[in-house]
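J.: Got a predicted model here, sequence first, then my questions.
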Amino acid sequence: MPFAAKPLTLTEEEQDELHQVSLSRTLPAGDVFRARLILMLAAGRSYKDIQQRLSTTAPTISQWKKRFMGHRIAGLIGERHPGQKPSVITAKLQAKVLAATRRKPADGSTHSSCRKLAKHLGISKDAVHRIWRTAGLRPHRLERYMASHDPDFESKAADIIGLYLNPPQHAALFCLDEKSAIQALDRLDPVLPMSPGRAERHGFEYYRHGTLSLYAALDVKTGKVHGKTAVRHTSEEFVSFLKLVVGRCKPKQEIHVILDNLSAHKTNKVAEFLEKHPNVKLHFTPTYSSWLNQVEIWFARIEREVIARGVFASVKDLDRKLMRYIRALLEGRATVPLDILRYQPED
């Protein structure tokens, strides 16, 4: 016969409290387990029965029975082993860790990891992590930047930002640029459409049919985009697109065009075009500052919505799909949000 443990004697208050704890869905699982164990002992259940029902062992039953008999419910509820106290981070230790973080590791790697630096300094990795978190350091992260060395940066930037904030009343304002070498990629494997719980999937292999360049001019006032594709990226194509943009404006209307410093924008053919169209004025962004050209926002959008996940059977197919998207913008079925395009000065 299984050994029957001597029943524990519980007061009415202890019985009620342990019963409530045993049914709780929010208290720690350990508290619920111990409450059920004591209630089963109080009911006269055998050790074997308790072991099977609670998936535990006889030593565990004996241990918690002993604690209950010595401390009653206070010996069951709550964490009895809070663990090691966190190490005290002094200003000296913090300065030592921060200085070591800024130095290159001796093993030739480019940056320190939490465990590597802790081992080098003979402290815990948690202390290093806490110091890094307090100082806002993330050695594994890397940010890149590009600085403009244009001596006329301020005047050029002020000119362009001024056009965005206060454009001439009756003038047209365009942001113009080229997206060159767009690849007409055809997927060799079938595209698997999205389904519940699964994203659209593309095969790894593809075939290149060729490349195409896209010229685009964003009308800052309306958010409309004029576009033209070209097989080659030349000054002739640029002038041809300028003629297309100017042709969509009113005769003799003042036209301002913001563009970058590409060599194709500064050729003799461009100079000849400007002589024939004195109402057109070009505004060049500072060197390495094409981010001032708002059409870059639209290029990011067409890359995301048409090019990146597109399947193009040929260069002509790429051309057709690009122009269909642009015509949808011109016809008003889709526009670039003006609140995104307008320059937002910092407070």
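T.: Received the coordinates, thanks.

J.: So what's the residue count around residue 103?
T.: Per other CB atoms under 10 Å, the neighbour tally for residue 103 reads 10. For every residue, glycine as well, the C-beta is placed using N, CA and C.

J.: doesn't residue 259 make contact with residue 281?
T.: No. If you go by CB atoms under 8 Å, residue 281 and residue 259 don't touch, sitting 11.2 Å apart.

J.: Which one's more surrounded, these two?
T.: Using other CB under 10 Å as the criterion, residue 281 and residue 259 rank with residue 259 on top: 23 against 13.

J.: contacting residues around that one?
T.: Applying CB atoms under 8 Å, 6 or more residues apart in numbering to residue 259 gives the contacts 175-177, 265, 282-285, 293.

J.: if you set the cut-off to 10 Å instead, what comes out?
T.: 174-178, 217, 238, 242, 265-266, 282-285, 290, 293, 295 (CB atoms under 10 Å, 6 or more residues apart in numbering).

J.: Would you show me how to pick out the buried ones of the residues you listed in ChimeraX?
T.: Paste this into ChimeraX to select the buried members of the contacts of residue 259, with burial taken from 16 or more other CB atoms under 10 Å:
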select :174,175,176,177,178,217,238,242,265,282,283,284,285,290,293,295
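
J.: What are the boundaries of the strands in the stretch 51-200 of the chain?
T.: Here the stretch 51-200 of the chain has its strands, by DSSP state E, counting those that start in this stretch, at 172-187.

J.: Pass me the low-pLDDT residue ranges in it, would you?
T.: Scanning the stretch 51-200 of the chain for pLDDT under 70 picks out 78-87.

J.: repeat that for 50
T.: The stretch 51-200 of the chain contains no residues with pLDDT under 50.

J.: Quick check: the gap between residue 136 and residue 91.
T.: Residue 136 sits 17 Å away from residue 91, going by CB to CB, to the nearest Å.

J.: My error: substitute residue 55 in the last question.
T.: Taking CB to CB, one finds residue 55 at 50 Å from residue 91.

J.: and what of residue 37?
T.: 48 Å.

J.: circling back: which ones among the contacts of residue 259 are found in helices?
T.: Per DSSP state H, helices hold the following members of the contacts of residue 259: 238, 242, 295.

J.: pLDDT value on the last one, please?
T.: With respect to pLDDT, residue 295 scores 90.

J.: From what I see, it and residue 175 are in contact.
T.: Yes. Counting by CB atoms under 10 Å, residue 295 does reach residue 175; the two are 4.0 Å apart.

J.: which neighbours do these two share?
T.: Shared contacts of residue 295 and residue 175 (CB under 10 Å, 6+ apart): 216-220, 225, 258-259, 341.

J.: Now do the buried residues in the helix or strand containing residue 212.
T.: Assigned by DSSP states H and E, residue 212 belongs to strand 206-219. Applying a neighbour-count criterion of 16+ other CB under 10 Å, one finds 209, 212-219 buried in strand 206-219.

J.: Residue 127: which of the residues you listed is nearest?
T.: Residue 127 has its nearest neighbour among these in residue 218, at 52.5 Å by CB to CB.

J.: quick one: contacts for that closest one?
T.: Residues in contact with residue 218 (CB under 10 Å, 6+ apart) are 173-177, 224-227, 258, 293-299, 329, 336, 341.

J.: ok, it to residue 268 distance?
T.: Residue 218 is 27 Å from residue 268, by CB to CB.

J.: One more: residue 313?
T.: 39 Å.

J.: what about the two, which has more around it?
T.: Applying other CB under 10 Å to residue 313 and residue 268 shows that residue 313 carries more neighbours, namely 12 against 8.

J.: Look at residue 46 and say how many residues are nearby.
T.: Residue 46 has 15 neighbouring residues, counting by other CB under 10 Å.

J.: ok, now residue 30?
T.: The tally of other residues near residue 30 (other CB under 10 Å) stands at 13.

J.: what about it, which helix or strand?
T.: Applying DSSP H and E as the criterion places residue 30 in helix 29-42.

J.: Dump that helix to PDB, keeping only the CA atoms.
T.: This file holds the C-alpha atoms of helix 29-42, laid out as PDB (Å, rounded to 0.1, in the frame of the first residue of the first chain):
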ATOM      1  CA  ALA A  29       3.300  29.200 -10.800                       C
ATOM      2  CA  GLY A  30       5.500  28.200  -7.900                       C
ATOM      3  CA  ASP A  31       3.100  29.700  -5.400                       C
ATOM      4  CA  VAL A  32       0.200  27.900  -7.000                       C
ATOM      5  CA  PHE A  33       2.100  24.600  -6.900                       C
ATOM      6  CA  ARG A  34       3.000  24.900  -3.300                       C
ATOM      7  CA  ALA A  35      -0.600  25.800  -2.300                       C
ATOM      8  CA  ARG A  36      -1.900  22.700  -4.000                       C
ATOM      9  CA  LEU A  37       0.700  20.500  -2.500                       C
ATOM     10  CA  ILE A  38      -0.200  21.600   1.100                       C
ATOM     11  CA  LEU A  39      -3.900  21.300   0.400                       C
ATOM     12  CA  MET A  40      -3.300  17.700  -0.800                       C
ATOM     13  CA  LEU A  41      -1.300  16.900   2.300                       C
ATOM     14  CA  ALA A  42      -4.000  18.400   4.500                       C
END
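
J.: tell me what it is packed against?
T.: Applying 3 or more CB pairs under 10 Å, 6 or more residues apart in numbering; DSSP states H and E, we find helix 29-42 packed against helix 12-22, helix 47-54, helix 58-71.
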